[in-house]
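Chemist: The following block contains a protein sequence and its predicted model.
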Amino acid sequence: MSRHAAFKFILFVAGDTENSALALANLSAFCRTHLPNRHEIEVVDVIRQPKRAMKDGIFMTPTLVKTSPSPVRKIVGTLSDTHTVLEVLGLGDLAA
Amino acid sequence: MNPARARRAGIQIKAPTGIMGFDEITGGGLPRGRTTLLAGGPGSGKTIFALQFLVHGARHCEEPGIFVAFEETPKRIAANFETFGWNLAALQKRKLFFLDARPTPDLIQSGTFDLSGMLAALGAKIKEMGARRIVFDAMDIVLTLLPDQAAKRREIYRLHEWLLARELTGIITAKAGGDQESSLDQQPFGFMQFMVDCAVILNHSVVQGVSQRSLRVQKYRGSSFDEHESPFLIGKNGFEVAGARTLGHAHTKVIHERVSSGVERLDTMLGGGYYRGASVLITGFPGTAKTTLSGAFVEASCLRGERTMFVSFDSDFSEVIRNLASVGILLDRFVKNGLLRIVSVRTITGNAETYLLRIKTFAREHGARCVAIDPVSTMSSSASEMIAHSVVERLIDWSKSEGITMLCTSLVDEMASRTIGMSSLQISTLADTWIHLNYLAQAGERNRGLSIIKSRGTAHSNQVRELILSDAGVTLADIYTAGGEVLMGTLRWEKESAERAANEVAEVAGKLKHVRLNAEEAELEVKVKSLQTELVAKQTEKELLTRTSESREKELSRGRTRVRELRGGDTAIPRLKRVP
């Protein structure tokens, strides 16, 4: 981990469903491209940890939660639209 | 499990909803362990239906439930349904769980998603509380977030499979626009309808300014059901379905017992009164004493000590009592001792369905054996004719199945229908006994006439009687027919007095004749006596005569013997020959 590790993500997935696998792949690719060495990804499988899903109010999977830096943001879906993801993460400049 | 096997094994295959009327329509409730689609427009009562299903399960069936709210916050839902007395707060501790699954407004979407997360979370909760029932309220909200039809279908399918795998009895509610038929066929609800085992459609419409709610079971796999539209109400205890005509479930026992109509001569005309459990219809123009006849029936019922209910659409509680007291029907005392309940339903608001449900609820509360409704035709003024008709039909059905003797009056508009007894609701075919009251305008008078048009299973008089109201009560009088005309009122009275006079004359004449005959008889008797006396005299005279001649003969013969003796002659007889 580098000292620039400013971005913390929790990715809620549901087992190895297609959507979840796709989201994880998209997120990894995204981070490699836009946030090299500046990210931490925690993957929570709601099938294994259903109570965590309930606690965090995660009902649609996959859901990406950016916990740091604030504000906390949520993106639902496979993250296939890189443009949206950049906007939400406040990295709009990078997209340009 | 297939239904037939389940029945044999004694396992309930239906999950009762506790919604009055709905369980009857479906023969026991929703399919257990299956999914039901509940579709309807905004404000059609989907959430109430679904929540009541859960509350009933939690309270009465030992079946805890989960309510998944996609649209409203659980807090708001709980607040909205506070008034129904379901005590949601207490239930929520163990038996009822609300999941706030509303998509957050700041939700950002990138690509497609699925509901696995929610299902996983719910799975854990179900295990924890042993839930058997689940409701997904406003499924359409979450479905609209999905990008394409395929994704929507996939999620519905996923949800359905998930429910089946857990053998949960589920309800999925979905909005289906105002114009239900068209919007329901749209994707993805069309697909949902095919997939689920049961589909219920709620409808809310306004007919002639009166709100009408109705419910229809569109499909129910593996079960028979009433497929017609059944009106329903959202009452103070929640959802109440008014339909439930349990055809084929004839609980009705045929009873031969008679109950008095309250008018002695009417009882005679009917061969003893109305049948217990019968429905009686009294039609008539305004002011033909329909209410009075209802009152008489009610009073008679109370006098027998039966619990009775009088529903008045026209008059106020106290007006009813006062008006009936004026014709010697005293109901006040029965209201006081609790036998009689007078329900006054002014014709201001409400629709026919509301009335029906209210009447049913009141009658049930009161335990009424006899019910009078005056006039039932009011219902048609606040609803379309068709609905009102079906309401009255169900009213009659219901009273029969409960064994309640019901008397309904129906107003006939004098101007509109000249034909005799055209009941505006056409309920005459349903009623067991139909009495028609009308006016006979004649010789400057209007008099009330009563005739029994029909009375099932009863030999009844075919004659028109005159109905007379006085402060002593209601009586019927024979009417006179003279020269093909029916005489009533003064004409009847005149005829009666004329007849009385004629009778008197005849009576006097008879007496006179009697006297005369008596005199003649006496005269003849005297004659007979004098003749008899004469006869006796003649007989005596005749006897006397005989006797005298005999004694003279004796005297003569004795005399001759003496002469001979004196002459000293022998007693030789031969000489006697010379004697002449």
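Modeler: Okay, I see it.
Chemist: Do a quick rundown of the strands in chain A.
Modeler: A:7-13, A:39-45, A:63-68, A:73-76 (DSSP state E).
Chemist: Apologies, that question was intended for the stretch 51-200 of chain B.
Modeler: Here the stretch 51-200 of chain B has its strands, by DSSP state E, counting those that start in this stretch, at B:65-69, B:96-100, B:108-109, B:133-137, B:169-175, B:198-207.
Chemist: can you redo those strands as JSON lines with distance to chain A?
Modeler: Bear in mind the C-beta positions are built from the backbone N, C-alpha and C, glycine included. Listed next are these as JSON lines, based on distance: least, Cβ to the nearest Cβ, whole Å:
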{"stretch": "strand B:65-69", "distance to chain A": "9"}
{"stretch": "strand B:96-100", "distance to chain A": "8"}
{"stretch": "strand B:108-109", "distance to chain A": "5"}
{"stretch": "strand B:133-137", "distance to chain A": "11"}
{"stretch": "strand B:169-175", "distance to chain A": "15"}
{"stretch": "strand B:198-207", "distance to chain A": "25"}
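Chemist: Throw the ones you listed into a markdown table and include distance to residue B:538, thanks.
Modeler: A markdown table is the format used below for the strands of the stretch 51-200 of chain B (distance: least, Cβ to Cβ, whole Å):
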| stretch | distance to residue B:538 |
| --- | --- |
| strand B:65-69 | 127 |
| strand B:96-100 | 128 |
| strand B:108-109 | 151 |
| strand B:133-137 | 126 |
| strand B:169-175 | 125 |
| strand B:198-207 | 112 |
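Chemist: could these go into JSON lines alongside mean pLDDT and mean neighbour count?
Modeler: Below are these laid out as JSON lines (pLDDT from 0 to 100; neighbours: other Cβ atoms under 10 Å in any protein chain shown):
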{"stretch": "strand B:65-69", "mean pLDDT": "93", "mean neighbour count": "25"}
{"stretch": "strand B:96-100", "mean pLDDT": "90", "mean neighbour count": "22"}
{"stretch": "strand B:108-109", "mean pLDDT": "84", "mean neighbour count": "18"}
{"stretch": "strand B:133-137", "mean pLDDT": "93", "mean neighbour count": "26"}
{"stretch": "strand B:169-175", "mean pLDDT": "91", "mean neighbour count": "26"}
{"stretch": "strand B:198-207", "mean pLDDT": "84", "mean neighbour count": "19"}
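Chemist: nearest to residue B:437, of the ones you listed?
Modeler: strand B:198-207 (31.0 Å; Cβ to Cβ).
Chemist: Now do that closest one: which elements does it pack against?
Modeler: Helices and strands touching strand B:198-207, by 3 or more Cβ pairs under 8 Å, 6 or more residues apart in numbering or on different chains; DSSP states H and E, are strand B:35-40, helix B:46-60, helix B:180-185, strand B:210-220.
Chemist: let's see it at 6 Å
Modeler: strand B:35-40, strand B:210-220 (3 or more Cβ pairs under 6 Å, 6 or more residues apart in numbering or on different chains; DSSP states H and E).
Chemist: For these, state which one has the densest average packing.
Modeler: Counting by mean count of other Cβ atoms under 10 Å in any protein chain shown, strand B:35-40 has the highest mean neighbour count of these, with a mean of 26.
Chemist: report the angle between the axes of it and helix B:46-60?
Modeler: 140 degrees (axes from the mean of the first three to the mean of the last three Cα atoms, to 10 degrees).
Chemist: what does the average pLDDT come to for strand B:35-40?
Modeler: Strand B:35-40 comes out with an average pLDDT of 90.
Chemist: just stretch B:265-272 next, same as before
Modeler: 85.
Chemist: hey, where'd the helices end up in chain A?
Modeler: Ranges of helices within chain A are A:18-34, A:50-56, A:82-88, A:92-95, based on DSSP state H.
Chemist: circling back: relative to chain B, which of the strands of chain A is closest?
Modeler: For chain B, the closest of the strands of chain A is strand A:73-76, at 4.9 Å, according to Cβ to the nearest Cβ.
Chemist: residues of that closest one that come out buried?
Modeler: A:73-76 (16 or more other Cβ atoms under 10 Å in any protein chain shown).
Chemist: need the residues you listed in JSON lines with distance to residue A:51 and pLDDT, can you?
Modeler: Below are those laid out as JSON lines (distance: Cβ to Cβ, whole Å; pLDDT from 0 to 100):
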{"residue": "A:73", "distance to residue A:51": "23", "pLDDT": "86"}
{"residue": "A:74", "distance to residue A:51": "19", "pLDDT": "87"}
{"residue": "A:75", "distance to residue A:51": "23", "pLDDT": "89"}
{"residue": "A:76", "distance to residue A:51": "20", "pLDDT": "89"}
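Chemist: out of the residues you listed, who's nearest residue B:108?
Modeler: For these, the nearest to residue B:108 is residue A:75 (4.9 Å; Cβ to Cβ).
Chemist: how about the nearest residue to the residue most central in space within chain A, chain neighbours excluded?
Modeler: The residue lying closest to the centre of chain A (Cα atoms, centre = their mean) is residue A:64, at 3.4 Å. Excluding the flanking residues, the one nearest residue A:64 by Cβ to Cβ, 6 or more residues apart in numbering or on different chains is residue A:75, at 4.6 Å.
Chemist: quick one: contacts for the one you found?
Modeler: A:64, A:88, B:108, B:110 (Cβ atoms under 6 Å, 6 or more residues apart in numbering or on different chains).
Chemist: isn't the third one right up against residue A:87?
Modeler: No: counting by Cβ atoms under 6 Å, residue B:108 stays clear of residue A:87, with 8.3 Å between them.
Chemist: do you know how far the residue lying closest to residue B:157 once chain neighbours are set aside is from residue B:429?
Modeler: In space, and not counting its chain neighbours, residue B:157 is closest to residue B:195: 7.1 Å by Cβ to Cβ, 6+ apart. Residue B:195 sits 43 Å away from residue B:429, going by Cβ to Cβ, to the nearest Å.
Chemist: shaky segments in the chain?
Modeler: In the absence of a named chain, chain A is used. Within chain A, the segments meeting pLDDT under 70 span A:1-5, A:92-96.
Chemist: oops, I was thinking of chain B
Modeler: In chain B (pLDDT under 70), the answer is B:1-12, B:177-189, B:207-210, B:242-254, B:346-351, B:380-387, B:413-428, B:481-486, B:569-580.
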